[in-house]
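Chemist: the following block contains a protein sequence and its predicted model.
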Amino acid sequence: MHTYADENFGPIHFLWRWMGLICLEGGLSTNTMISINDLSYSFDPQQKYPVLSGLSMNVKHGEFVSVIGASGCGKSTLFKIIAGLSEPTSGDIIWQDATSSANTRLGNIAYMPQQDLLLPWRSVLDNCLLPWEVTQNRSKAETISLIREMLERFGLAEVEQAYPNELSGGMRQRIAFLRTLVTGADLMLLDEPFGALDAITKREMHKWLTGLWDGLAKTVLFITHDLEEAILLSDRIYLMSGSQSKAPMQEFIVDLPRPRHSAMNYDPRFLKLREDLEKRLYDTHSS
Amino acid sequence: MILTLLKRYLRDYGLALLLLLFLLVCWETVVRLEWIPSFILPAPTSIWIALVENQRLLFGQHLPATLQEVFIGFILSVVLGSLLGTGMHLSRRLEKALYPFIIISQTIPLIALSPIFIFWFGYSLAGKVAVVFLTAFFPVVVGSFDGLRKGAEGYRELLLTMGASRRHLLTKIQIPLALPSFFSGLKLSIVYCVIGATIGEWLGGSKGLGYFSRRMAGNLQSDEMFAAVFLLSALGLVLFLILVLLEKILFMKRGSSRS
């Protein structure tokens, strides 16, 4: 497992880790972080009204993959299953090259919900310490210096001792993201992290995240409603439609170069992708 | 600084004070004019005089006795009440088994049970503490139980994905989230404690403000009786305010009080 103990981020470190994995476990199959096969889920035992049915998708190491789809198509349910909060009705999830149950994944995949869910009675630093308090996976001093370093990088060094309700929505979201990073998990599930922010703050967050992404060496699965956001941030996008659909998951590849930056919104290639994506989305929903 | 604080208090409580003053003056006038006989309703000034005249007896003997019952009863209520509340939160089975009995315990008219209580405990301290506990533990149970159940589903799921155990869930989120509700329970409970102690002393005994007021009522010494009642209600108020202060100090560090 990758931990922050070796504090090398950046592309060389990333490549090294990647190659290490390939050499150790042999073959390119280890390239896949998580793969989901023919997954179904329904709340009632008779499976009359499935929330999810026949879903398949995969995420590779170091990839940024978005899932977009209309409200109520089961995106959040999918994330809860991946995180290990609930067990699927059928289908399997291959994680770390083995079929996994919800219990093996729970606690090992980081999850960032739509609301920041910062604890209002804890300062910023103490909020970020929460994952460590639960796992105690390294020394406290080490964790604090790691958090301080990240706060610095995130432009939040001055608010270390502030309380969440003294901060703006964008700051709170960045702190929640930082807290997710502190878990040390390689795979991060972000459930509409910028969904509750206003348009201006959201753009700021895009700028911030695109600037940060290439140094993080993380794998992200990202839920959003926002097409531009999905194209700007992702390597691939999955279009998710309701469980009644014939093709519940469709793949869409975003071949824009990295590092990305938020001004790419006006790039002709970006606009073309956006048009294609919108058409695909429309076709999926009208079929 | 002190002046602005004074101004704020005057603005917040000025009207209530004015009303109180007005009521006291009316009361005094009505009794002085002998519209109501003074053994039925003594004048505020004579209550005050009775309070001053009996101060050694009231403050030296009866108030400490009542205070002792209140304290022991309150501590028992808080300890057992929060243990019960937490236990019922942690175990569904315990909740199902105990909740009906806890509610039934509150529907028993305590006064009607008084002869039994005297059989069981005699006129001792234990009997009074038992009455205090029976009247005052319920708000603590409900306060802690409801507080712990409060909609923390989002937090719960987040902590589970971090690898939290049940103990973590309880200590990191459920208990901190339950504190405001727990304190509401405590504030109700302390007021009930004073009432419980008074009832306990009415059942029998030889000291305490409840006992004193009953004896004075029997002698038609209304001044003294009212003095004791005044002290009892002042006691409840002061204890309540102490808890409010404690709550404020405790939540000062929380971001929630800074909004």
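Modeler: Good, I have the coordinates.

Chemist: secondary structure class for the closest residue to chain A within the stretch 101-250 of chain B?
Modeler: Closest approach between the stretch 101-250 of chain B and chain A, counting by Cβ to the nearest Cβ: B:Gly163, at 2.9 Å. Using the backbone N, CA and C atoms, a C-beta is placed for each residue, glycine as well. At B:Gly163 the chain is in coil, as set by DSSP: H, G, I helix; E, B strand; the rest coil.

Chemist: what's it sitting at in phi/psi?
Modeler: B:Gly163 has phi and psi values of phi 100, psi 30 when expressed as degrees, to the nearest 10.

Chemist: can you get me a residue count around it?
Modeler: Neighbour count of B:Gly163, defined by other Cβ atoms under 10 Å in any protein chain shown: 18.

Chemist: now it: how far from A:Val59?
Modeler: The spacing between B:Gly163 and A:Val59, counted by Cβ to Cβ, to the nearest Å, is 21 Å.

Chemist: kindly report the same for A:Arg269.
Modeler: 24 Å.

Chemist: which of those two has more neighbours?
Modeler: Neighbours of A:Arg269 and A:Val59, each counted by other Cβ under 10 Å, are more numerous for A:Val59; the result is 23 against 13.

Chemist: how about residues contacting stretch B:106-123?
Modeler: Stretch B:106-123 has contacts (Cβ atoms under 8 Å, 6 or more residues apart in numbering or on different chains) with B:127, B:130-131, B:134-135, B:138, B:196, B:199, B:202-206.

Chemist: just the buried residues of it, please?
Modeler: Residues of stretch B:106-123 classed as buried by neighbour count (16 or more other Cβ atoms under 10 Å in any protein chain shown): B:110, B:114, B:117, B:121, B:123.

Chemist: now for the one helix or strand A:Gln173 maps to, which elements pack on it?
Modeler: Element membership for A:Gln173 (DSSP states H and E) is helix A:169-182. Counting contacts by 3 or more Cβ pairs under 8 Å, 6 or more residues apart in numbering or on different chains; DSSP states H and E, helix A:169-182 packs against strand A:110-112, helix A:124-135, helix A:140-153, strand A:187-191, helix A:199-213.

Chemist: what do you get if the cut-off is 6 Å, keeping everything else the same?
Modeler: Packing contacts for helix A:169-182, counted by 3 or more Cβ pairs under 6 Å, 6 or more residues apart in numbering or on different chains; DSSP states H and E, involve strand A:110-112, helix A:124-135, helix A:199-213.

Chemist: need the winner for burial among the ones you listed.
Modeler: strand A:110-112 (a mean of 25; mean count of other Cβ atoms under 10 Å in any protein chain shown).

Chemist: sheet partners, orientation included, of it?
Modeler: According to DSSP bridges, strand A:110-112 forms sheet pairs with strand A:187-191 (parallel).

Chemist: which residues are contacting the strand it pairs with?
Modeler: A:33, A:76, A:79, A:83, A:109-114, A:180, A:218-223 (Cβ atoms under 6 Å, 6 or more residues apart in numbering or on different chains).

Chemist: rerun that using 7 Å as the cut-off
Modeler: For strand A:187-191, the external contacting residues (Cβ atoms under 7 Å, 6 or more residues apart in numbering or on different chains) are A:33-34, A:76, A:79, A:82-83, A:109-114, A:180, A:218-223.

Chemist: can you show me the CA trace of that strand as PDB?
Modeler: The C-alpha trace of strand A:187-191 is given here as PDB (Å, rounded to 0.1, in the frame of the first residue of the first chain):
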ATOM      1  CA  LEU A 187      -8.800   5.000  -4.400                       C
ATOM      2  CA  MET A 188     -11.000   8.000  -3.600                       C
ATOM      3  CA  LEU A 189     -14.700   8.200  -4.300                       C
ATOM      4  CA  LEU A 190     -15.900  11.800  -4.600                       C
ATOM      5  CA  ASP A 191     -19.700  12.100  -4.600                       C
END
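
Chemist: now the angle from that strand to helix A:169-182?
Modeler: Taking axes from the mean of the first three to the mean of the last three Cα atoms, to 10 degrees, one finds that strand A:187-191 is oriented at 150 degrees with respect to helix A:169-182.

Chemist: and strand A:187-191, which residues are buried?
Modeler: When burial is assessed from 16+ other Cβ under 10 Å, strand A:187-191 yields the following buried residues: A:187-191.

Chemist: and the residue of chain A positioned farthest from its centre, what pLDDT?
Modeler: Distance from the C-alpha centroid of chain A, by Cα atoms, centre = their mean, peaks at A:Gln46 (31.7 Å). If you check A:Gln46, the pLDDT there is 72.

Chemist: which SS state does it fall under?
Modeler: coil.

Chemist: next one: A:Leu39
Modeler: A:Leu39 - assigned by three-state DSSP - is strand.

Chemist: contacts only, for it.
Modeler: A:52, A:55, A:88, A:91.

Chemist: can you rerun that using 10 Å?
Modeler: Each residue near A:Leu39 by Cβ atoms under 10 Å, 6 or more residues apart in numbering or on different chains is listed here: A:52-57, A:78, A:81-82, A:88-93, A:248-249.

Chemist: okay if I get the buried residues of stretch B:106-123 as a markdown table plus pLDDT?
Modeler: Below are the buried residues of stretch B:106-123 laid out as a markdown table (pLDDT from 0 to 100):
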| residue | pLDDT |
| --- | --- |
| B:Leu110 | 77 |
| B:Ser114 | 72 |
| B:Phe117 | 78 |
| B:Phe121 | 82 |
| B:Tyr123 | 80 |
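
Chemist: pick the one among these closest to B:Ala228.
Modeler: Minimum separation from B:Ala228 among the buried residues of stretch B:106-123 (Cβ to Cβ) is found for B:Tyr123, which lies at 18.6 Å.

Chemist: dihedrals phi and psi, that closest one?
Modeler: Torsion angles, degrees, to the nearest 10, at B:Tyr123: phi -90, psi 20.

Chemist: next, find the distance separating it from B:Asp12.
Modeler: According to Cβ to Cβ, B:Tyr123 and B:Asp12 sit 44 Å apart.

Chemist: average pLDDT across the helix or strand encompassing B:Leu186?
Modeler: Using DSSP H and E, B:Leu186 sits in helix B:175-203. Averaged over helix B:175-203, pLDDT sits at 92.

Chemist: CA atoms of whichever helix or strand comes after that helix as PDB?
Modeler: Using DSSP H and E, the helix or strand that follows helix B:175-203 towards the C-terminus is helix B:209-218. Taking C-alpha atoms only, helix B:209-218 is exported to PDB below (Å, rounded to 0.1, in the frame of the first residue of the first chain):
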ATOM      1  CA  LEU B 209     -37.400  22.900  53.500                       C
ATOM      2  CA  GLY B 210     -40.400  20.700  52.400                       C
ATOM      3  CA  TYR B 211     -40.800  19.300  55.900                       C
ATOM      4  CA  PHE B 212     -40.500  22.900  57.300                       C
ATOM      5  CA  SER B 213     -43.100  24.300  55.000                       C
ATOM      6  CA  ARG B 214     -45.500  21.500  55.800                       C
ATOM      7  CA  ARG B 215     -45.100  21.900  59.500                       C
ATOM      8  CA  MET B 216     -45.700  25.700  59.200                       C
ATOM      9  CA  ALA B 217     -48.700  25.200  57.100                       C
ATOM     10  CA  GLY B 218     -50.100  22.900  59.800                       C
END
